[in-house]
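[1] Here's a sequence, model it:
(chains A, B and C)
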Amino acid sequence: MKDINIKAMFTYQGTSMVKAFAIFWAVLFIVTTGIILMVRVFLPEDAITNSQFSIYEMAAFIMALVSGIVALREDLRIAVQHGVGRPTFYLSHLLSALFLVGMLTIGGVILLYLGTWFLTGFDALTIKPLYQSIFYYQGVPKITVGLFLENRLFDFGLYFLGFGLGTFLSLLFYRLNKPWTIVVAIALPLAFIVTLSHTSSGNAGKMPLSPPEMGPVFLWMMLVSLFFLAVSWLLLRRAPVKPL
Amino acid sequence: MAQLTEHSPIFQQIAELLEDAILSGAYEEETQIPSITEFATTYKINPATALKGVTLLVEEDLLYKRRGLGMFVREGAKSKLLKKRREEFAVTYISPLVKEATRLELSKEDVLEMLERRWK
Amino acid sequence: MSIEIENITKCFGKTTALNQVNLTFEKGKICGLLGNNGAGKTTLFRLIANHIFPSEGTIRVDGEEVWDNDRVLGKMFLVSEGNLYPESMKVKDGFRSAGIFYPGFDLENANRLAELFHLPLKKKIAGLSTGYKTIYKLVLGLSVNTPYLLLDEPVLGLDASHRELFYKLLIEKIAESPCTVLLSTHLIQEAAPLVEQTIIIEEGKILRNRPKDDLLEEYCLITGPSSKLEEWLPGKKIVKKASLGGLASVYIEGTVEEADLPQGFTKEKLSLQEYFILLTNGGIAS
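    The predicted model follows:
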C-alpha cells in the first residue's frame, strides 16, 4: 500500500490558504470600513433611513470558488513535481477546503461584530448577515444562539459549495477538449439562469421567504458540494499533468 | 589538461595518464595522487570510470590505498613501470615504425641512418 | 531493485509514443537514454514520475508500483521541460517548498549552487529565461538528495559555460553521495563520458540496452584504398560504405586486429555519437 505524505502537502496548501484569506479579509475590512465611514460622514444626523448591507458573504463565496479553481490548477502541479500522488493531493485539497471555509466563516463573524460595533448608535445603517437578508427580509430579529448557528451553517455551506464548484469547474475544463469547453461554458451559465428564474418565479408570491429548516438545507448544500467533489475526483484520478 | 580521445575506453586512458605521470615523476613515490572526484570533474567523466582506471593500477601494485587518506604511489612503481613499458616498447613503437617504413618503401639501412642522426 | 519498466505502451490518440518497452535501469549507475527528438524519452520519464498514466504495462521502483505511491514517488526528482511552478512563485520560495516535500533537501547547497550559476533568488520562476528556468530545476535536482534523479535533456537551453558547470556539479554530487541517474539527451558526445548503461530508443522502441564499452565493441570503421578494400571485404558483415575518390571506408560488424589488416588499412573504434548515428541512420535492422 502506498504511504501517504499528507503532512507536507497540507503544510504547503494550508500556508497559501492562510495568506490568501488574510489578504481577502483585509480587503473586506477596508471596504466595509470605507462604506461605514462614508455613510456616517455624508449622512446628516437626523436622516431617517434604514439601510442594510451584506457584502462579505457574497465576496467570500466568490473567494472560495476562485480558491477551488486555482488550488486545483497550481497545487496539483506542485504535488506532482514533488512526488505526491493524486489521492494524497486530493485529500489535502479537501482538508484545505474545510480549513479555508472555516476561516471564511469565522472571519465573517469577526467582521460582522466589528462593523456592528462601529455602527453602534447609528441606526441609519446596519450590516446584515446574508442568511437573514434572504429569510428575514424585513426586520431585525433577536439574535439567539439558534439564529447565530443558522447563520453560520448557511455561511459554511455556501462557501463549501463555492469551493466544491470551483474545484469541479477547474477539473471539468482541464479534462475537456476545446469544442466541449465551449459547449459547457455556454450551457452552464444558461442552466443557472434558467434555474434561477424558475425558482424565483415559483416563489414570486412568497417574498419574504420564511426561515427554512436550516438542518436539511445545510445537509442539501453539503451533499451538492460532495457530489461536485466526488465527480471532480473521478476526473482527477487518471488526469495527465502537463506544464502550464 | 590533456584531452581524452573518443576511440578507446576512458578508464584505460585514465590508467595510461596515471602511468605517464608516475614515470615522469609528476606523481612521486609515496605521495598522494588526486582524488577520484578530482579526476572525474577535471575530465568530466563518471566517477565510477575514474575509479576503474585507478583500480587497474592498484591491481598492478603501482598504487595503494591508505585508509582514511586516499591513493598513494607505491615505492618502486616507477622502476616497475619502466620495465613494463620497455617490454611493450617493441610492440608499441617498433612494429608500427617498421610497418610505416615499409609503406613508405624505406629500407632498414635508411631507417638506421635516420636513427643515428636523430639519436641524441 | 531499481527502476523496472514492464511492457509499457503509451498512446496519445493515434500516436504510439512508446511500444511494449521493457527495461531495467541499474541502481547506482548513470544511465543514458539516447534518442532523437520524438523518440519517446520525455514520455518515458513522465511515466516513471507518474505525471501521466500508461496505456498498458506497469513501472516499479524498488519493487513497488509507482502509481499514486507517495513513498516511491518521493524517492525521485524529475527535471524536465515545462514549468510546473505557480506564476507568482519566486526562486527562494521554490527552494523553501522543496524543503517541505523532500526531507533530504539541502538548502545551503541550493543557495550555493544558485550563486555559482548567478540564479537570482528573488526573481519569479515564471519570469526567468528558458535557460535559467532549467538551471532552477537543476539546482533543485542537485540538492534534493533523492536516490533517483531523472534528468530529461538537462542542458537544453544552457550556454557552454553553464553546461560545463552543470556536468562538474553533477559529477561532484555523484562522487559525494551516489545515486541512480537517468539522463536523456540528444547531445550525445557531451554526455558520452558520463554514461555507463546506455539505452538507445527510437520511435518508441528500445534498440539497445548495454554498458557503453560493450556497445562500442559492436562495430568498427576500416579505411583503405578502394580496390584493395573491395577484395578484403567478402566474409565481413558490412553495415555502411563510403568513399572519397580512391579512398574507401566501411563500417563492419565486430572487430579486427590491427595486425591482421592489410598494408595501408586503418582501423578505428567508434565514438558513441558515431555509433548512435550508424544505428539509427545507417540502416541496421533494429
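
[2] Let me see the ranges of the strands in chain A.
    Secondary structure of chain A (DSSP state E): strands at A:51-53, A:125-127.

[3] Give the other helices and strands that the first one contacts.
    Other elements packing on strand A:51-53 under the criterion 3 or more C-beta pairs under 8 Å, 6 or more residues apart in numbering or on different chains; DSSP states H and E are strand A:125-127. All C-beta atoms are positioned from the backbone trio N, CA, C, and that covers glycine.

[4] contacts for the strand it packs on?
    Applying C-beta atoms under 8 Å, 6 or more residues apart in numbering or on different chains, the external contacts of strand A:125-127 come out as A:32, A:36, A:39-40, A:43, A:50-54, A:112, A:115-116, A:119, A:140.

[5] Show me how far that strand is from its chain's centre.
    Relative to the centre of its chain, strand A:125-127 is centred 22 Å away, using C-alpha atoms, centre = their mean, to the nearest Å.

[6] And for the residue of chain A at minimum distance from chain C, the neighbour number?
    Closest contact between chain A and chain C, by C-beta to the nearest C-beta, is at residue A:243 (2.6 Å). For residue A:243, the number of neighbouring residues by other C-beta atoms under 10 Å in any protein chain shown comes to 12.

[7] ok, and the closest non-adjacent residue to it?
    Leaving aside its chain neighbours, residue A:243 sits nearest to residue C:82 (2.6 Å; criterion: C-beta to C-beta, 6 or more residues apart in numbering or on different chains).

[8] what residues does chain B put near chain C?
    Residues of chain B that fall close to chain C, judged by C-beta under 8 Å from any C-beta of the partner chain: B:4, B:6-10, B:36-37, B:40-41, B:43-49, B:99, B:102-103.

[9] where's the residue nearest to the spatial centre of chain B, which helix or strand?
    If you average the C-alpha coordinates of chain B and look for the closest C-alpha using C-alpha atoms, centre = their mean, you land on residue B:16, 3.1 Å from that point. Assigning secondary structure by DSSP states H and E places residue B:16 in helix B:10-24.

[10] So which bits of that helix are buried?
    Neighbour counts over helix B:10-24 (16 or more other C-beta atoms under 10 Å in any protein chain shown) mark B:10-11, B:13-15, B:17-19, B:22-23 as buried.

[11] For residue C:192, state which of those is nearest.
    Proximity to residue C:192 was ranked across the buried residues of helix B:10-24 by C-beta to C-beta; first place goes to residue B:10, at 8.8 Å.

[12] and the helix or strand encompassing residue C:277, how far from the chain's centre?
    Using DSSP H and E, the secondary-structure element containing residue C:277 is helix C:272-281. Taking the mean C-alpha point of helix C:272-281 and that of its whole chain, the gap between them comes to 15 Å (C-alpha atoms, centre = their mean).

[13] Now do it: which elements does it pack against?
    Where contact means 3+ C-beta pairs under 8 Å, 6+ apart, helix C:272-281 is packed against helix C:188-191, strand C:197-202, strand C:205-211, helix C:212-215, strand C:219-225.

[14] Could you identify which of those is most buried?
    The highest mean neighbour count among the helices and strands packed on helix C:272-281, using mean count of other C-beta atoms under 10 Å in any protein chain shown, belongs to strand C:197-202: a mean of 22.

[15] For that one, enumerate the helices and strands it packs against.
    Using 3+ C-beta pairs under 8 Å, 6+ apart, the elements in contact with strand C:197-202 are strand C:15-25, strand C:30-34, strand C:205-211, helix C:212-215, helix C:272-281.

[16] Give the pairing partners of that strand; include direction for each.
    strand C:30-34 (parallel), strand C:205-211 (antiparallel) (DSSP bridges).

[17] export those strands to a markdown table and tack on mean pLDDT and distance to residue B:54?
    Compiled in a markdown table, these are given as follows (pLDDT from 0 to 100; distance: least, C-beta to C-beta, whole Å):
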| stretch | mean pLDDT | distance to residue B:54 |
| --- | --- | --- |
| strand C:30-34 | 94 | 18 |
| strand C:205-211 | 93 | 19 |
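
[18] Need these in JSON lines (columns: distance to residue A:98).
    Rendered in JSON lines, the data for the strands paired with strand C:197-202 read as follows (distance: least, C-beta to C-beta, whole Å):
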{"stretch": "strand C:30-34", "distance to residue A:98": "43"}
{"stretch": "strand C:205-211", "distance to residue A:98": "47"}
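
[19] List just the one of those that sits closest to residue C:23.
    Of all those, it is strand C:205-211 that lies closest to residue C:23, at 6.0 Å by C-beta to C-beta.

[20] Just the residues contacting the closest one, thanks.
    Under the contact criterion C-beta under 8 Å, 6+ apart, strand C:205-211 has outside partners C:19-23, C:196-201, C:215, C:279-280, C:286.

[21] Out of the residues you listed, which is nearest to residue C:173?
    residue C:196 (15.7 Å).

[22] CSV for the helices and strands packed on helix C:272-281, including distance to residue C:159?
    Putting the helices and strands packed on helix C:272-281 into CSV (distance: least, C-beta to C-beta, whole Å) gives the following:
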stretch, distance to residue C:159
helix C:188-191, 13
strand C:197-202, 27
strand C:205-211, 31
helix C:212-215, 27
strand C:219-225, 33
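
[23] between the ones you listed, which gets nearest to residue C:9?
    strand C:205-211 (10.6 Å).

[24] for the chain, which helix is longest?
    I'll assume chain A. Longest helix in chain A by number of residues (criterion: DSSP state H): helix A:6-42.

[25] wait, chain C
    For chain C, assigning by DSSP H, the longest helix comes out as helix C:160-176.

[26] Which neighbouring elements make contact with it?
    Counting contacts by 3+ C-beta pairs under 8 Å, 6+ apart, the secondary-structure elements packed against helix C:160-176 are helix B:36-43, helix B:47-59, helix C:107-117, helix C:130-143.

[27] Of the ones you listed, flag the one that's most buried.
    Mean neighbours per residue, mean count of other C-beta under 10 Å, is largest over the helices and strands packed on helix C:160-176 for helix C:130-143, with a mean of 22.

[28] Which is the succeeding secondary structure element to that one?
    Next helix or strand after helix C:130-143 toward the C-terminus (DSSP H and E): strand C:148-152.

[29] Now do that next one and helix C:130-143, the angle between them.
    Comparing the axes of strand C:148-152 and helix C:130-143 via axes from the mean of the first three to the mean of the last three C-alpha atoms, to 10 degrees yields an angle of 170 degrees.

[30] angle of strand C:148-152 against helix C:160-176?
    Using the same axes, to 10 degrees: strand C:148-152 against helix C:160-176 is 160 degrees.

[31] May I have strand C:148-152 as CSV, with CA atoms only?
    Only the C-alpha atoms of strand C:148-152 are listed here, as CSV (Å, rounded to 0.1, in the frame of the first residue of the first chain):
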residue,chain,number,x,y,z
TYR,C,148,16.8,8.6,-8.2
LEU,C,149,17.5,11.6,-10.3
LEU,C,150,15.7,11.9,-13.6
LEU,C,151,17.2,14.4,-15.9
ASP,C,152,15.4,14.9,-19.2
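
[32] Before I go, just wanted to say thanks for your time.
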